[in-house]
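*Asks:* need a structure here:
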Amino acid sequence: MSEYIPFIILLGSLYVVAGGIALRGDLAATPRTNTIILAVGASLASVLGTTGASVLLIRLLLDTNRDRTRVAHTVVFFIFLVSNVGGLLLPIGDPPLFLGYLRGVPFFWTLQMWPQWSFTVGLLLAIYFGIDSWMIRHETAEALRKEAKSKHGIHISGLINLVWLGGILASVIVLVPGRLFPGTSQEIPAFAREGAMCLCGGLSLITTPRGLRTINKFSWGPILEVAALFIGIFVAMQVPLAVLTERGAELGVTTPAQFFWVTGALSSFLDNAPTYLVFLTTATSLPAEPNTTMVMLSEGMHVSSTLLVAISLGSVFMGANSYIGNGPNFMVKAMAEEGGVRMPSFFGYMAWAAVVLIPVFILVTIIFEH
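*Replies:* Next comes the predicted model:
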């Protein structure tokens, strides 16, 4: 449970801060516009975190598409791209990478995965554009008539929250328990990072005009649902993860492709953050291959860079395979349903993932993880 507290505080603080930024507009809900919103969200996810980017952009996406009758597929791809895949490039982007950073992975190490990020994001955007182009051709005449009316541009408010967002980012980078405060001999105490993130969230609540959160339809419901759901998941997965920690090396998982798929498969249902840690531990127990670049971790451990890439890709990408694979997934679903979108069921969403994501991940394996 030691990972649950930093996990939920990071999600919660990003949710609060991003919820104080009102990014609203009613753009023309064309495939081009929707694809641009998804591309911007995927790009922001590594900096704002998948939670922050999701909270910031989901309202804009819902407002833009409120007159269309076929919207669920757009929210599904939003979860794929903004709530998961887009967060690959920095530790603050997605909880598994954040936990890896806590274990000693260098903060900017994840930037080397930009080719995989670019390929996957680009391919998913192209697939979405094709699907949405088909969907809009089958919209009702009434929906298209409403969609053509009363459009206006984007307006952004609550920019003070960018300061608190920077504070959260600085907390993650600087306030690592056990290390020294910069320029001092004073050790950073336990939970200093979490305290600083809570402080940034509190300052966001104080400094943001209440009307902005009203405009943003901010509520505690989605993040409380995530907190309740994931405390159950964290508790329930302790036994299977303990078994994997003790005997994971006996699985025979040794190659990048194997780590990618096994980590990804378990990340889909056990939550991707602790699953990442289990297979990171498993990878550190394997002997180093000749001519392999090693990444030094805390406590004197090291791991093959190629295996670490595979574990990172599997946990981040395949967290999109189900609503419970990553924290923001269920939150975005709840926010979309609050906005009147009829979202797929748990298994209906998995069907979308199976049809769209699995072929993409096979291509990722062939190109990058062979």
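*Asks:* what is the longest helix of this protein by residue count?
*Replies:* helix 31-64 (DSSP state H).
*Asks:* quick check: buried residues in that helix?
*Replies:* 31, 33-35, 37-64 (16 or more other CB atoms under 10 Å). Heads up, the C-betas are built off the backbone N, CA and C, glycines and all.
*Asks:* chain center to it: distance?
*Replies:* 12 Å (CA atoms, centre = their mean, to the nearest Å).
*Asks:* that helix packs against which elements?
*Replies:* With contacts taken as 3 or more CB pairs under 8 Å, 6 or more residues apart in numbering; DSSP states H and E, helix 31-64 sits against helix 4-19, strand 22-26, helix 72-81, helix 114-137, helix 161-174, helix 327-338.
*Asks:* so the fifth one versus helix 31-64, what angle?
*Replies:* So that's helix 161-174. 100 degrees (axes from the mean of the first three to the mean of the last three CA atoms, to 10 degrees).
*Asks:* the helix or strand following helix 161-174 vs helix 161-174, what angle?
*Replies:* Going down the chain from helix 161-174, the next helix or strand is helix 192-207, by DSSP states H and E. Using the same axes, to 10 degrees, the direction of helix 192-207 lies 180 degrees away from that of helix 161-174.
*Asks:* what's in contact with whatever helix or strand Ala257 lives in?
*Replies:* Per DSSP H and E, Ala257 falls inside helix 256-270. Residues outside helix 256-270 that contact it (CB atoms under 8 Å, 6 or more residues apart in numbering): 96, 233, 237, 240-241, 244, 251-253, 275-276, 278-279, 283, 306-307, 309-311, 313-315, 317-319, 321-322, 324-326, 361, 364-365, 369-370.
*Asks:* report the buried residues of it.
*Replies:* In helix 256-270, counting by 16+ other CB under 10 Å, buried: 256-264, 266-270.
*Asks:* what's the answer for stretch 100-119, then?
*Replies:* 100-105, 109-110, 113, 116-117.
*Asks:* as CSV, those with pLDDT and secondary structure would be great.
*Replies:* Output for the buried residues of stretch 100-119, formatted as CSV (pLDDT from 0 to 100; DSSP: H, G, I helix; E, B strand; the rest coil):
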residue, pLDDT, secondary structure
Gly100, 88, helix
Tyr101, 86, helix
Leu102, 78, helix
Arg103, 82, coil
Gly104, 84, coil
Val105, 89, coil
Trp109, 93, helix
Thr110, 94, helix
Met113, 96, helix
Gln116, 97, helix
Trp117, 97, helix
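*Asks:* so who does Phe346 touch?
*Replies:* 322-323.
*Asks:* where exactly do the strands run in the stretch 201-350 of the chain?
*Replies:* 294-296, 302-304 (DSSP state E, counting those that start in this stretch).
*Asks:* name the nearest residue to Pro209, ignoring sequence neighbours.
*Replies:* Gly158 (7.6 Å; CB to CB, 6 or more residues apart in numbering).
*Asks:* again, but for Phe317
*Replies:* Val85 (5.7 Å).
*Asks:* then Met113?
*Replies:* Leaving out its chain neighbours, Met113 is closest to Leu88 (CB to CB, 6+ apart), at 5.5 Å.
*Asks:* what's the neighbour count on that neighbour?
*Replies:* By the criterion of other CB atoms under 10 Å, Leu88 has 28 neighbours.
*Asks:* please tell me how far it sits from Glu194.
*Replies:* Distance check for Leu88 against Glu194: by CB to CB, to the nearest Å, it reads 24 Å.
*Asks:* before we move on, back to that, just the pLDDT for the residue nearest to Phe317.
*Replies:* Per-residue pLDDT puts Val85 at 96.
*Asks:* tally of neighbours for it?
*Replies:* Neighbours of Val85 under the rule other CB under 10 Å: 28.
*Asks:* then Asn326?
*Replies:* 33.
*Asks:* nearest residue to it in space, please, no chain neighbours.
*Replies:* Closest to Asn326 by CB to CB, 6+ apart is Gly319, at 3.5 Å.
*Asks:* show me the contacts for the closest residue to Val176 other than its chain neighbours.
*Replies:* Spatial nearest neighbour of Val176, chain neighbours left out: Ile188 (6.3 Å); criterion: CB to CB, 6+ apart. Going by CB under 8 Å, 6+ apart, Ile188 touches 175-181.
*Asks:* check Ser133 too.
*Replies:* Per CB under 8 Å, 6+ apart, neighbours of Ser133: Pro31.
*Asks:* and it, how close does it get to Val356?
*Replies:* Distance, Ser133 to Val356, using CB to CB: 15 Å.
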